[in-house]
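**Q** Pasted the sequence and its predicted model underneath.
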Amino acid sequence: MRSPVPALVRTGFACALALAALAGCSKKTTAPSSRPLPEGTQNGTVLMMGWPEQASIWFTVADPGTPETPSDDFVYQLASDYWQDPAGVRSATLDMTQSNQLQAFRVGSDGNVVELFDFLLPPSLRFIGRDMDLYEFEDLSPPATPTYTGRGAINGVVTPTSPVSNVIKVTGPITDNLDFTPAPKGAANDSVLNIQFTEDPRAAFYVLEINSANDILGNGSSYSNERRLRAIPAPLQPGTRPLQSFILLMPAGSGLTGFNATISSGFWPLAFYVRVTAFDSDGQMVNRVNDYFVSPGRDGNLNLRTFEPIGGAVEMLDPYPNPTDPVEVPPTIPRDEAFAILASVSGPQEPQVVHHLSSRPAASGPVAPGMREAFERLAREERLSTERLRSDMAAVRAQLENPAAAPARSGRSAGVRPH
């Protein structure tokens, strides 16, 4: 049974990501017979998602001391980040059952499931008080059409009634161009957190995560490293795991209406970080919000601008701004605008350096007093309750089982910022 203590997130180590550290993982206890799905029950509270590893691009543009002449700007640095392996396929599973382990399966070429690992996965995140665990793995040798499912286990034991996830199929890249429509900074006298975004017509559902942006709004290596970690594709934030966050599941067609909540706090301004990830009816990530943070720098006579993705968007609320010293608007731009800048300057257009970030350990980040108060306020929203998350997950699972019953979609195409 999970603890009822609310609003904490604890981190674990998903040994499947390393694949070598088998000693700390529980061994399998039963193996399924040849079948297209593992034996168990479909209870609608285990949701698996998948996506291919994909380059997260960041770059620096140099101006040789002539800001009035942008035509002589050039690419100073261009690099890409991956989580573990460019050829890998990653998966994340949200589990709201009583299971404390996950048995991962690949669907073979004969249509039957085979165990992906010879051990059971432990949670990589346990949301204490939220009745939910997160399981993650990466298939480093995926087949031509990677297809997976999973089954919950309790203390190494699976039974005919163990919960079984949906089947996911990963067949294409992530488009990476949804737009978060609220401005990076709210207007004076506005204390409403607005969560709205443009839609992808392929989406069956969206996964949203709301937490603090404090760890990415600054200059220096620690802020830069955190931005790059958060930019790695995943439904929930990689990198520093937040002590407080909220997760929503939203159906297709709900992006423009979105979600909003009035924030009460004795501390202003407050900067929120919002991840929005789109998944299709195969449980495959197809698109996401991925704004870029722009930071200045210098190297001798060169003026530098570094563009780093953040894997989401920033929304700052400052209803009572200081008229003589207002807080600056977060320097973020949409992903497509960042790539237009890259294409407009001379120099290489393909990364010269590749980094792998999975070896960087995740940690629980501190919560500032103002954000703690804001999140206590958000915890009272029915839309963010555990019961609502469970209901929304069951609705998503039902839709994945019957895609023809999908809700009406927004008429706005993906990647277009409304005016």
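**A** Happy to help now that I have it. Residues are numbered from 1 along each chain as shown.

**Q** Asp223: what's its closest spatial neighbour, skipping adjacent residues?
**A** Let me fix one detail, which is that residue 223 is Tyr and not Asp. Ile216 (5.9 Å; CB to CB, 6 or more residues apart in numbering). In this view, the C-beta of every residue, glycine as well, is placed from N, C-alpha and C.

**Q** That neighbour touches Glu226, doesn't it?
**A** Yes - at 5.4 Å, Ile216 counts as touching Glu226 under the criterion of CB atoms under 8 Å.

**Q** List the residues that contact the residue nearest to Tyr223.
**A** Neighbouring residues of Ile216 by CB atoms under 8 Å, 6 or more residues apart in numbering: 223, 226-227, 230, 273, 293, 310, 314.

**Q** how about CSV for those, with neighbour count and distance to Ala343 added?
**A** Listed next are the contacts of Ile216 as CSV, based on neighbours: other CB atoms under 10 Å; distance: CB to CB, whole Å:
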residue, neighbour count, distance to Ala343
Tyr223, 17, 26
Glu226, 23, 27
Arg227, 23, 22
Arg230, 25, 24
Tyr273, 23, 27
Phe293, 27, 19
Ile310, 25, 20
Val314, 22, 24
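
**Q** Just the ones of the residues you listed in helices?
**A** 223, 226-227, 230 (DSSP state H).

**Q** quick one: which of those residues is nearest Thr93?
**A** Distances from Thr93 to those, taken as CB to CB, are shortest for Arg230 (20.3 Å).

**Q** coming back round to it: out of the contacts of Ile216, flag the one nearest to Asp139.
**A** Using CB to CB, Arg230 comes nearest to Asp139 of the contacts of Ile216, at 22.9 Å.

**Q** what's near enough to touch the residue nearest to the closest one when sequence neighbours are not counted?
**A** Spatial nearest neighbour of Arg230, chain neighbours left out: Gly311 (4.2 Å); criterion: CB to CB, 6+ apart. Under the criterion of CB under 8 Å, 6+ apart, the contact list for Gly311 reads 56, 230-234, 237-238, 275, 288, 290.

**Q** partners of whichever strand or helix holds Phe127 in the sheet?
**A** Following DSSP states H and E, one finds Phe127 within strand 125-128. Paired neighbours of strand 125-128 in the sheet (DSSP bridges): strand 8-11 (antiparallel), strand 132-139 (antiparallel).

**Q** that older thread, with pLDDT added, can I get the contacts of Gly311 in CSV?
**A** Shown next, in CSV, are the contacts of Gly311 (pLDDT from 0 to 100):
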residue, pLDDT
Ser56, 97
Arg230, 95
Ala231, 97
Ile232, 97
Pro233, 97
Ala234, 97
Gln237, 91
Pro238, 86
Arg275, 97
Arg288, 98
Asn290, 98
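
**Q** ok, those residues vs Asn194, which is closest?
**A** Taking the contacts of Gly311 together and measuring to Asn194 by CB to CB, the closest member is Arg275, at 15.3 Å.

**Q** Please name every helix or strand in contact with the helix or strand hosting the closest one.
**A** If you go by DSSP H and E, Arg275 is part of strand 270-279. Counting by 3 or more CB pairs under 8 Å, 6 or more residues apart in numbering; DSSP states H and E, the packing neighbours recorded for strand 270-279 are strand 192-195, strand 205-212, strand 285-288, strand 313-317, helix 369-378.

**Q** Just want the angle from it to strand 205-212.
**A** Inter-element angle recorded for strand 270-279 and strand 205-212: 160 degrees (by axes from the mean of the first three to the mean of the last three CA atoms, to 10 degrees).

**Q** Who does strand 270-279 pair with, and is each partner parallel or antiparallel?
**A** Strand 270-279 is paired, per DSSP bridges, with strand 205-212 (antiparallel), strand 285-288 (antiparallel), strand 313-317 (antiparallel).

**Q** Quick one: neighbours of Ala55, just the number.
**A** Using other CB atoms under 10 Å, Ala55 has 16 other residues around it.

**Q** so what's it up against?
**A** So Ala55 contacts 80-82, 86, 351, 354 (CB under 8 Å, 6+ apart).

**Q** ok, 7 Å please
**A** Taking CB atoms under 7 Å, 6 or more residues apart in numbering as the criterion, Ala55 is in contact with 80, 82, 351.

**Q** Okay then, goodbye and thanks.
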